[in-house]
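Colleague: coordinates only, no sequence provided:
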C-alpha cells in the first residue's frame, strides 16, 4: 500500500503560536491568499478537524494538507531576565485606577511573550525589581517554599536595641504569621536616621515595614539591593534597566534549580499525544498572581512515523479495515488492481490500469476500458477485459 511521505519543514523555527495561513505561507506551501482558499475548501485540517481561517497553531497541533502531515519546527521561548531600578512613586501593576505611574510602561516590548514581575515593591519602596519571560522561573523565585533571600537596605528613625535585634532574628508575630530576618547588620548613619542591612527568606506584603512597626519603629526609606543571587549593579541608576547576560542568566537558572535557559535549539511540533503543562509548575504557584501564558519545555514526544499515515483526506477519519473476501482496491492510474483473498475476486483496475490477481479457485478482476489486460482466473486463466471486446 502506498503511503504519503511526511514533509519535514526546513523553514523558519517558530517560537510562539502563529496563525495557520501565515505559518504555511512562510514554509513555502503557498501564498497567504492561496492558503486561505485551501482552508475554506476544507483541504487543510488541524488535529483531524477542518481548519478555520485565522486559527492559531502551536507545537501540540497536527496539521495536514490533503491528508499529508506537515511538521513545523517550534523552539521554546528564550528565557529573559530584566533588572530594573525602581524609583519611589511607581506601582508594580499593569494598570492603576488612580492613574499613578506603573513600571510596565517603562519596559521594552517583546513579541509573543509578557514580562512577569518577580515579586513586588510598594509605592514608596525602591531598588531592584526583576522581570522575566519564564513563568517557571518566576514561580521558583517567588514561592515561599524555595526561600529565596531578599536583601534590603533599611533606614529607620532611631536605632535598634539588642533586644529588638534579637526579636527580629528570632521572629515577630504578625497578622499573617511569624516574620523574621535571616541576617541583620548595622549600616551606620548620622543624626536620627540609621541604616541597617537585612535579609528575609520570603516576600510577604510589606513584611519589612511591618516588622519594624511591630517594634515601634518607623521605616523612612527601604531599598531592595539583592534578590537571590542577583545583586543590583552599582551603575544602575534609578529608572534604568539592564538585561542579564548569558553567564549571569545561567547562574540564576542553576540557583533556581533550572538547568538551561529554555530556548536553545528547536523542536518539531505537530506531534500526537502531547500534553500541555502549565508554566507555573504543577504543584505550587506563587502568591503573586501572574498573567504569563508561556510553557516550559517538556520531554521530546514520539513523532508519528510515515508508515502510520493513511492515504486519506486529512479532514476525514481513516477508512475501516476491509472485510474478508473483498479486494482492497489500492490501484492507481497506470497501476494494477488489488489482490483478493482465497475464494474471492480480483479488484477492478483503475483507468489505464490492470485487473487484479484472482486467487486459487477465484476469478480474475476486470481490466478497465483501455487497460492492459484482465487479471488471472485462479492464478492461471485471464479474466474479462472490456478493453478488448
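Modeller: Good, I have the coordinates. Here the structure is a predicted model, which means the values were calculated and not measured. Residues are numbered from 1 along each chain as shown.

Colleague: show me where the stretch 1-150 of the chain has its helices.
Modeller: 20-26, 32-40, 135-142 (DSSP state H, counting those that start in this stretch).

Colleague: can I see the domain layout of this protein?
Modeller: 7-75+301-308, 81-255, 324-389 (automatic domain parsing).

Colleague: and these, which is most packed in?
Modeller: domain 324-389 (a mean of 19; mean count of other C-beta atoms under 10 Å). Placement of C-beta: from N, CA and C, glycine included.

Colleague: for it, give the mean pLDDT please.
Modeller: The predicted model gives domain 324-389 an average pLDDT of 46.

Colleague: and if you look at stretch 59-67?
Modeller: Here the average pLDDT along stretch 59-67 is 89.

Colleague: before we move on, what about stretch 239-259?
Modeller: Stretch 239-259 comes out at a mean pLDDT of 93.

Colleague: who's the nearest residue to residue 244 once chain neighbours are set aside bridged to?
Modeller: Nearest non-adjacent residue to residue 244, counting by C-beta to C-beta, 6 or more residues apart in numbering: residue 81, 4.3 Å away. Under DSSP bridges, the beta-bridge partners of residue 81 are residue 132.

Colleague: residue 81 contacts residue 137, doesn't it?
Modeller: Yes. Counting by C-beta atoms under 8 Å, residue 81 touches residue 137, with 7.5 Å between them.

Colleague: now the common contact residues for these two.
Modeller: residue 252 (C-beta atoms under 8 Å, 6 or more residues apart in numbering).

Colleague: could you measure from residue 61 over to residue 84?
Modeller: 36 Å (C-beta to C-beta, to the nearest Å).

Colleague: ugh, typo on my part, it should be residue 96
Modeller: Counting by C-beta to C-beta, the gap from residue 96 to residue 84 is 17 Å.

Colleague: spit out the contact partners of the nearest residue to residue 101 once chain neighbours are set aside.
Modeller: Closest residue in space to residue 101, ignoring its immediate chain neighbours: residue 90 at 4.8 Å, by C-beta to C-beta, 6+ apart. In this structure, residue 90 makes contact with 100-103, 106, 123, judged by C-beta under 8 Å, 6+ apart.

Colleague: any regions of the stretch 151-300 of the chain where pLDDT drops low?
Modeller: Within the stretch 151-300 of the chain, the ranges that satisfy pLDDT under 70 run 260-300.

Colleague: which parts of it are strands?
Modeller: Taking DSSP state E, counting those that start in this stretch as the test, the strands found in the stretch 151-300 of the chain are 172-174, 177-179, 183-188, 193-200, 219-227, 230-231, 241-243, 267-268.

Colleague: out of those strands, which comes closest to residue 48?
Modeller: strand 267-268 (18.4 Å; C-beta to C-beta).

Colleague: doesn't residue 210 make contact with residue 174?
Modeller: Yes. In this structure, residue 174 is within contact of residue 210 by C-beta under 8 Å, at 5.6 Å.

Colleague: distance to residue 142 added to the strands of the stretch 151-300 of the chain, as CSV?
Modeller: Listed next are the strands of the stretch 151-300 of the chain as CSV, based on distance: least, C-beta to C-beta, whole Å:
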stretch, distance to residue 142
strand 172-174, 19
strand 177-179, 17
strand 183-188, 20
strand 193-200, 13
strand 219-227, 10
strand 230-231, 13
strand 241-243, 19
strand 267-268, 28
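
Colleague: to residue 72, which of those lies closest?
Modeller: Taking the strands of the stretch 151-300 of the chain one by one with C-beta to C-beta, strand 267-268 is closest: 7.2 Å.

Colleague: picking that back up, can you list the helices of the stretch 1-150 of the chain in JSON lines and add mean pLDDT and distance to residue 166?
Modeller: Supplementary listing: the helices of the stretch 1-150 of the chain in JSON lines, determined by pLDDT from 0 to 100; distance: least, C-beta to C-beta, whole Å:
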{"stretch": "helix 20-26", "mean pLDDT": "87", "distance to residue 166": "63"}
{"stretch": "helix 32-40", "mean pLDDT": "92", "distance to residue 166": "70"}
{"stretch": "helix 135-142", "mean pLDDT": "94", "distance to residue 166": "29"}
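
Colleague: need these in JSON lines (columns: distance to residue 161).
Modeller: Output for the helices of the stretch 1-150 of the chain, formatted as JSON lines (distance: least, C-beta to C-beta, whole Å):
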{"stretch": "helix 20-26", "distance to residue 161": "66"}
{"stretch": "helix 32-40", "distance to residue 161": "73"}
{"stretch": "helix 135-142", "distance to residue 161": "33"}
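
Colleague: quick one: which of those is nearest residue 195?
Modeller: helix 135-142 (25.9 Å).

Colleague: what's the closest one packed up against?
Modeller: If you count contacts as 3 or more C-beta pairs under 8 Å, 6 or more residues apart in numbering; DSSP states H and E, helix 135-142 packs onto strand 116-118, strand 126-132.

Colleague: what residues are up against residue 93?
Modeller: Residue 93 touches 102-104, counting by C-beta under 8 Å, 6+ apart.

Colleague: out of these, who's nearest residue 240?
Modeller: residue 103 (12.4 Å).

Colleague: from what I can see that closest one touches residue 130, true?
Modeller: No. Residue 103 is not in contact with residue 130 according to C-beta under 8 Å; the separation is 11.3 Å.

Colleague: quickly list what's touching both of these two.
Modeller: Shared contacts of residue 103 and residue 130, counting by C-beta under 8 Å, 6+ apart, come down to 84, 117.

Colleague: just to revisit the earlier point, between the contacts of residue 93, which is closest to residue 157?
Modeller: residue 103 (27.9 Å).

Colleague: dump the residue contacts of the closest one.
Modeller: 84, 86, 90-93, 117, 129.

Colleague: want to throw the residues you listed into a markdown table with distance to residue 142 and pLDDT?
Modeller: A markdown table is the format used below for these (distance: C-beta to C-beta, whole Å; pLDDT from 0 to 100):
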| residue | distance to residue 142 | pLDDT |
| --- | --- | --- |
| 84 | 16 | 98 |
| 86 | 16 | 97 |
| 90 | 19 | 96 |
| 91 | 18 | 95 |
| 92 | 12 | 95 |
| 93 | 16 | 93 |
| 117 | 9 | 96 |
| 129 | 12 | 97 |
